[in-house]
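**Student:** turn this into a structure:
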Amino acid sequence: MIDRLISASHTRRHLDLLRELEPAVAVHLDRHLEAAPEWFPHQYIPWSKARDFDGPLDGEPWQPGQSPLAPAVRDALLVNLLTEDNLPSYHHELAACFGRDTAWGTWVHRWTAEEGRHSDALRGYLHAVRAVDPVELERGRIAHVSRGFTSTHPTLAHGLAYVTVQELATREAHRNTGHACADPHGTRLMSRIAADENLHMVFYRALCADLADLDPDGFVEAFADVVCGFQMPGHGIPGFQGRAVRIATAGIYDIAIHRDHVVLPLLRTLRIMERTDLGSMGEQARERLGRYLEVLEDKGRRLAELRSRMGQRRPHPAPSEVDMPAFPLPRDGSGTPGLSA
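**Tutor:** As a prediction, the model looks like this:
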């Protein structure tokens, strides 16, 4: 009985917050529609490089030597695409959290329409340049989409915090993959997709700021929960852990990038560490964030030392906060992102 009462209370609070934030959603949606450019996936794919594969068309089978891309870049592109492929589950979770009515529903459908371009363009590019094994790619898609994605976030604040962190992390991952691929077609495509992810992050980040003003303690606690236990939705991709390690080792997306270009910019923009309106719950969450940043800094330093001993460096320029993104970080047994699988 008590559990049902608590659940009913949470549901009422969730609906109340949706109603309170709906005018802000409408404003941020209008701003997004003005800023989001129209673009077409087919224009970013080098079709002239494509040729038939084996099968009904009796083309040439795929071989690893046909790919012009480094192994870690192929890993990153495969993870990027399989993550984007799970869009039906993401749409379902967003619609369940935000609803399908009012400006919330309009945003959910618009976001889904824009995200749908990403998998279309990525798959076309990978097939055209024979970057990855198309059979492995399709089998991975079937396996990943069959598992689906289920959100475990208990409140609206958790949901908004998660999508904000995830969109920014995705922006960085896509952008850095483009820099690392050393192919102008791939770089152009990944930059275009990263720009979409950036606009989506800006929308969610603005709502986070609005929610933080409505409920400072609740939002900061939710933000700390999300950041300290962060995993991207692609963590269930077959073979993910090994790929994530290779991606991190290559400097495409690692602990330092996550800290410096995802977590810290969000903390600054949302003014989480400098708020003066927090109660004890919010203060405790903020202290937890501070300890987590120290953990990330230590792990990032260790990874940099390891990379230095191996004679490696990042193959791309360090992105600025405003430059033009999908990987969960490898995690250790404590639930904190680690340096190895």
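**Student:** contacts for stretch 221-235 next, please.
**Tutor:** With CB atoms under 8 Å, 6 or more residues apart in numbering as the contact definition, stretch 221-235 has outside contacts at 79, 82-83, 86, 89-90, 144, 149, 153, 155, 157-158, 160-162, 165-166, 169-170, 208, 240, 263, 270, 272, 281-282, 284-286, 288-289, 292, 326-329, 331, 335-337. In short, each C-beta sits where N, CA and C put it, glycine included.
**Student:** selection in PyMOL covering whichever of these are buried, please.
**Tutor:** Applying 16 or more other CB atoms under 10 Å to the contacts of stretch 221-235, the buried members can be selected in PyMOL as follows:
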select buried, resi 79+82+83+86+89+90+144+149+153+155+157+158+160+161+162+165+166+169+170+208+240+263+270+272+282+285+286+288+289+292+326+327+328+329+331+336+337
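**Student:** just the contacts of stretch 221-235: which are in helices?
**Tutor:** Counted as lying in helices by DSSP state H, out of those, are 79, 82-83, 89-90, 144, 157-158, 160-162, 165-166, 169-170, 208, 240, 281-282, 284-286, 288-289, 292.
**Student:** what packs against the helix ranked longest in the chain?
**Tutor:** Using DSSP H to define each element, the chain has its longest helix at helix 2-35. Packing partners of helix 2-35 (3 or more CB pairs under 8 Å, 6 or more residues apart in numbering; DSSP states H and E): helix 102-128, helix 156-180, helix 184-214.
**Student:** where in the stretch 201-341 of the chain is pLDDT low?
**Tutor:** Within the stretch 201-341 of the chain, the stretches with pLDDT under 70 are 311-341.
**Student:** still on that earlier bit, how about JSON lines for the helices and strands packed on helix 2-35, with distance to Glu221 added?
**Tutor:** As requested, the helices and strands packed on helix 2-35 are exported to JSON lines (distance: least, CB to CB, whole Å):
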{"stretch": "helix 102-128", "distance to Glu221": "23"}
{"stretch": "helix 156-180", "distance to Glu221": "8"}
{"stretch": "helix 184-214", "distance to Glu221": "11"}
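**Student:** tell me the most buried of those helices?
**Tutor:** Among the helices and strands packed on helix 2-35, helix 156-180 has the highest mean neighbour count (mean count of other CB atoms under 10 Å), at a mean of 26.
**Student:** now it against helix 102-128, angle please.
**Tutor:** Helix 156-180 and helix 102-128 are oriented at 30 degrees to each other (axes from the mean of the first three to the mean of the last three CA atoms, to 10 degrees).
**Student:** tell me the mean pLDDT over helix 156-180?
**Tutor:** Mean pLDDT, helix 156-180: 96.
**Student:** quick one: residues contacting the residue nearest to His32 when sequence neighbours are not counted.
**Tutor:** Nearest non-adjacent residue to His32, counting by CB to CB, 6 or more residues apart in numbering: Phe203, 5.1 Å away. Residues near Phe203 by CB under 8 Å, 6+ apart: His28, Leu29, Arg31, His32, Trp107.
**Student:** residues contacting the last one?
**Tutor:** Residues in contact with Trp107, defined by CB under 8 Å, 6+ apart, are Val25, Leu29, His32, Phe98, Phe203.
**Student:** got a list of what Ala161 touches?
**Tutor:** Residues in contact with Ala161, defined by CB under 8 Å, 6+ apart, are Cys208, Phe219, Ala222, Phe223, Asp225, Val226, Val227.
**Student:** quick revisit: would you point out the most distant pair within the contacts of Trp107?
**Tutor:** His32 and Phe98 (14.5 Å; CB to CB).
**Student:** quick one: which of those two has more around it?
**Tutor:** A count of neighbours by other CB atoms under 10 Å puts Phe98 above the other of His32 and Phe98, at 24 against 18.
**Student:** now the more buried one: how far from Thr164?
**Tutor:** Relative to Thr164, Phe98 is positioned 14 Å away (CB to CB, to the nearest Å).
**Student:** for Ile247, same thing?
**Tutor:** Separation of Ile247 from Thr164 (CB to CB): 22 Å.
**Student:** ok, Arg130 next?
**Tutor:** According to CB to CB, Arg130 and Thr164 sit 36 Å apart.
**Student:** and what of Gln241?
**Tutor:** Using CB to CB, one obtains 25 Å as the distance from Gln241 to Thr164.
**Student:** okay, now Pro238: neighbour count?
**Tutor:** Counted with other CB under 10 Å, residues neighbouring Pro238 total 12.
**Student:** that one contacts Ile142, doesn't it?
**Tutor:** No: counting by CB atoms under 8 Å, Pro238 does not reach Ile142; the two are 10.0 Å apart.
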